[in-house]
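>>> This is the structure alone, sequence omitted:
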């Protein structure tokens, strides 16, 4: 087994390090907030009644990932959110969440809103999919 490296003194290649590892901090005492991941897809009459597009209820046909994160006793101004293609990193003074996403996302096209009455941050991310027989656009 031979590992090719630019520098002979390195012990691993940058390709071997998973995206988001730079955010991992095992010594951080902040607790992990409760969160919920759901998937959303846009369907029309041609999908529901006629089945013309081949979409099904599986996550393979979903366009968006919606993540709801409970942040009790948190103000909007205390939230720091960083989204990469495969990682969501959320930090507040009391909570920290490093979430490896189930699918790659278009990090520049995401939306987030803080529902202060419910103390929930809702993050909607567009899934980045390759074109296939189900996902035409």
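Looks like it arrived, so ask away. For clarity, every value in this text was computed on a predicted model and none was experimentally measured.

>>> Report the buried residues of stretch 124-131.
By neighbour count on 16 or more other C-beta atoms under 10 Å, the buried set for stretch 124-131 is 124, 125, 127, 129. (Each C-beta comes from the backbone N, C-alpha and C, glycine too.)

>>> from those, which is closest to residue 96?
Distance to residue 96, by C-beta to C-beta, is smallest for residue 125 among those, at 19.0 Å.

>>> so what does whichever helix or strand that closest one is part of touch, helix or strand wise?
When secondary structure is defined by DSSP states H and E, residue 125 falls within strand 120-126. When contacts are defined as 3 or more C-beta pairs under 8 Å, 6 or more residues apart in numbering; DSSP states H and E, strand 120-126 sits against strand 64-70, strand 80-83, strand 87-91, strand 111-115.

>>> got the angle for the longest one vs strand 111-115?
It refers to strand 64-70. Following axes from the mean of the first three to the mean of the last three C-alpha atoms, to 10 degrees, one obtains 30 degrees for the angle between strand 64-70 and strand 111-115.
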